[in-house]
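Trainee: Kindly generate the corresponding structure for this input.
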Amino acid sequence: MKSVQEIKTAIETAFPAAGLEFVPNPGPSAQHSLRLGPDCAVDVATFLRDDPELAFDFLSNVSGVDWPDKKVAEKVKVTRTVTKTVDGPDGQKVDQQVEETVEETREHIEPGFLEAVYHLYSVAKKQGPLVLRMRTVNRTGQTSLPSLTPVWRSAEFQEREVFDLFGIDFTGHPDLRRILMWPEFKDHPMRKDYVEPDDFEYEPTAHDEVLRRAQEHKGSEQQTASSDRAGS
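Mentor: Numbering: from 1, shown residues only. Got it, this is the predicted structure:
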């Protein structure tokens, strides 16, 4: 099997502007991956499928990953002017302006994003998996990625699942709609900031913690209704 680096070189030879990034996996599996720029992802995917030396003819899996905003702390050196009291020529204490360099910890927010991950195999060449990644600009207003369904038809239902549970909008998908949640559902349950509802109307056999929350929700609704009637 060709290494990920060899495949990366082959792609960059065919598409110099592909914007590829090698993503190392430090774990025991050492299953490294390639991150694609969305602009030429379909062309790169077609190349991986059709190139006779690569022949990645089978897409086995598409999954989603949610990377929330992250607070990052970093140490920086800052030079500032401070006032220090020193001994003067006559032995008296005097204030003097001096510069000193100190190390400060500064925090900033690193914007989050959503990621689609594809696992490819070559049945013809008996090699794989090759792991491809694509990431969105952010996880709020710019969550589109190109669909790879036109290249591998097996991506169709799996991209629908990622759309449903994570909220990635796959442009060019032939039938992008929810596949697990109902059409009116407004959220994406696999996002890390997802908050479960209290009513659980979709749960036909509520029990344990789900039943307790459902009863509390029902009780709060009844109290709200009673207050509304009393005030009218």
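Trainee: C-alpha from now on. contacts and neighbour counts both.
Mentor: OK.
Trainee: To which secondary structure element is Glu12 assigned?
Mentor: Glu12 belongs to helix 4-14 when assigned by DSSP states H and E.
Trainee: domains of the protein?
Mentor: Following automatic domain parsing, one gets these domains for the chain: 4-67+114-171, 71-109, 196-232.
Trainee: how far out from the middle of the chain is the first one?
Mentor: With Cα atoms, centre = their mean, to the nearest Å as the basis, the distance from the averaged C-alpha position of domain 4-67+114-171 to the chain average is 14 Å.
Trainee: Nearest residue to the middle of the chain?
Mentor: Leu114 (2.6 Å; Cα atoms, centre = their mean).
Trainee: That one - nearest residue in space that isn't next to it in sequence?
Mentor: Once flanking residues are discounted, Leu114 sits nearest to Asp66: 4.8 Å by Cα to Cα, 6 or more residues apart in numbering.
Trainee: Report how many residues lie close to that neighbour.
Mentor: 19 (other Cα atoms under 10 Å).
Trainee: thinking again about what came up before, now render the domains of the chain as TSV, adding mean pLDDT and distance to Leu180.
Mentor: Output for the domains of the chain, formatted as TSV (pLDDT from 0 to 100; distance: least, Cα to Cα, whole Å):
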stretch	mean pLDDT	distance to Leu180
domain 4-67+114-171	94	7
domain 71-109	79	32
domain 196-232	66	12
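Trainee: tell me the most buried of those domains?
Mentor: Compared across the domains of the chain, domain 4-67+114-171 shows the largest average neighbour count, a mean of 18 (mean count of other Cα atoms under 10 Å).
Trainee: how long is that one from one end to the other?
Mentor: Criterion Cα to Cα, to the nearest Å; first-to-last residue distance in domain 4-67+114-171 is 27 Å.
Trainee: any idea how far Trp67 is from Asp169?
Mentor: 16 Å.
Trainee: Cys40 now?
Mentor: For Cys40, the distance to Trp67 - Cα to Cα - is 23 Å.
Trainee: now Ala73
Mentor: Note on Ala73: its distance to Trp67, by Cα to Cα, is 17 Å.
Trainee: Let me know the outermost residue of this protein.
Mentor: Relative to the mean C-alpha coordinate of the chain, counting by Cα atoms, centre = their mean, the farthest residue is Asp90 (66.2 Å).
Trainee: mind listing the helices for the chain?
Mentor: Shown for the chain, the helices assigned by DSSP state H span residues 4-14, 41-50, 155-166, 208-231.
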